[in-house]
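In: Predicted model and sequence follow; I will ask about them next.
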Amino acid sequence: MKFNQSNIKKAKNYLDKNYCIGVPTETVYGLAANAYSNHAVKKIFKLKKRPPSNPLIVHYCNINDLKKDCLINKDFLKLYKKFSPGPITYILNLAKNSKISKIVTNKKNNLAVRFPKHRVFRKLLTKLNYPLAAPSANISTKLSAVQASDVREDFGNKIKYILDGGKCNIGIESTIIDLRNKPNVLRLGGLEVSKIEKILGKKITININPKKKIAPGQLHLHYSPGIPLRMNIKKPKKDEAYLLLKKKKNYRPNYFYLSKKNNLKEAAKNLYSLLRKIKHKGYKSIAVEKIQNIGIGQSINDRLKRASRFQ
Ligand code: TXA
Ligand code: MG
């Protein structure tokens, strides 16, 4: 992995000067800026072409840092102890004297917070005296970035620096859970809901397609490679790229494998980079084999379903 102390120092310097930079996380790359600075976070919205109504996730190193900005509760503590740092984002109420920029939350009194696990990102956070607002490092509605070169492809020289931490291990965004009242999942992601239920000892509601959109991860079209995509396909059309869950005996040049042997975790890790690869190869459409709707397969199907709405 390409990383050393001087890279962390460079990243810190840019962030201290209120620039946005690319950062690696275990889920997907983030486009990060100082969450306490209006000036810095405004740049994130502009770069991503993100509507100001769509709030940002703020990344902390640990619970002590978080306590200055948010109110915590019992459910949060249980989940934090078990799953953080890791691929879960919590929605909590803001504390009265929180320093989080109002632009991050679109003036609402709640905040999405996450404790990333990637060791390079953690190292960076320990050097800063502010948390980092970081949405996924891609143009709004497009494919997320899972390696430094993906970030460069979307933003080119518009961003000053990308902290390279290699390829993301999980490859799909964090699971978002609203913990302000009864736990409610707003986005399926890298952590399976059944694991969360086990720790909380209760069933939790999943509200990923509400009539009134709460999180724009719930947007109709999202995570799109920019070409039509069809799901649950047994036989692709002649010129179509075919995305499969496991290797087939009869290999064809238009076949792309998410995993070697039907492994859903491996499939999640490869999902965005394969979709990007297919697009680069010039295919005009993508057919995807049926993917089991269990465990992280549910998160993969969620992303594919939203991507399939491209016309
Ligand atoms: O894995 C991840 O979560 C990545 C990495 C970089 O941490 N981040 C990420 O951020 O996926 P983003 O902005 O692409 O997606 C965050 C989602 C958006 O759909 C946003 O609307 C929702 O979280 N969100 C942010 N703040 C919220 C809040 N206060 N209440 C409800 N939803 C919120
Ligand atoms: Mg995103």
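Out: It's in. Numbering: from 1, shown residues only. Ligands and ions are numbered 1, 2, ... in the order given.
In: So which residues of the chain form strands?
Out: If DSSP state E is used as the criterion, the strands of the chain fall at 21-23, 30-34, 57-59, 88-93, 110-114, 132-133, 161-162, 175-178, 184-187, 205-206, 229-230, 241-244, 255-257, 286-288.
In: close to ligand 1, is the fifth one?
Out: What it means is strand 110-114. Yes: in terms of Cβ under 6 Å from any ligand atom, part of strand 110-114 sits within range of ligand 1, namely Asn110, Leu111, Ala112, Arg114. (Glycine included, C-beta is placed from N, CA and C.)
In: Around ligand 1, which positions in the stretch 1-150 of the chain sit nearby?
Out: Residues of the stretch 1-150 of the chain found near ligand 1 (Cβ under 6 Å from any ligand atom) are 25, 27-28, 30, 54-57, 89, 91, 105, 110-112, 114, 134-136.
In: hmm, back to that, from the residues of strand 110-114 next to ligand 1, pick the one nearest ligand 1.
Out: Ala112 (3.3 Å; Cβ to the nearest ligand atom).
In: what residues are up against the closest residue to that closest one other than its chain neighbours?
Out: Excluding its sequence neighbours, the residue lying closest to Ala112 (Cβ to Cβ, 6 or more residues apart in numbering) is Ile57, at 4.4 Å. Contact partners of Ile57, counting by Cβ atoms under 8 Å, 6 or more residues apart in numbering, are Thr89, Ala112, Val113, Arg114, Ala133, Ala134, Pro135, Ser174.
In: got the residues you listed as TSV, with distance to Asn250 columns?
Out: Output for the contacts of Ile57, formatted as TSV (distance: Cβ to Cβ, whole Å):
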residue	distance to Asn250
Thr89	42
Ala112	45
Val113	48
Arg114	43
Ala133	48
Ala134	43
Pro135	41
Ser174	37
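In: Let's have those residues in JSON lines, adding pLDDT, distance to Val288 and neighbour count.
Out: Formatted as JSON lines, those follow (pLDDT from 0 to 100; distance: Cβ to Cβ, whole Å; neighbours: other Cβ atoms under 10 Å):
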{"residue": "Thr89", "pLDDT": "98", "distance to Val288": "26", "neighbour count": "27"}
{"residue": "Ala112", "pLDDT": "98", "distance to Val288": "29", "neighbour count": "24"}
{"residue": "Val113", "pLDDT": "98", "distance to Val288": "33", "neighbour count": "27"}
{"residue": "Arg114", "pLDDT": "98", "distance to Val288": "28", "neighbour count": "25"}
{"residue": "Ala133", "pLDDT": "98", "distance to Val288": "33", "neighbour count": "29"}
{"residue": "Ala134", "pLDDT": "98", "distance to Val288": "29", "neighbour count": "27"}
{"residue": "Pro135", "pLDDT": "98", "distance to Val288": "25", "neighbour count": "25"}
{"residue": "Ser174", "pLDDT": "98", "distance to Val288": "23", "neighbour count": "28"}
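In: what's the farthest-apart pair in the residues you listed?
Out: Farthest apart among the contacts of Ile57 by Cβ to Cβ are Ala133 and Ser174. That separation is 14.4 Å.
In: So which residues of the stretch 201-311 of the chain form helices?
Out: Taking DSSP state H, counting those that start in this stretch as the criterion, the stretch 201-311 of the chain carries its helices at 264-280, 296-307.
In: so how far is Ser308 from Lys202?
Out: In this structure, Lys202 and Ser308 are 33 Å apart, going by Cβ to Cβ, to the nearest Å.
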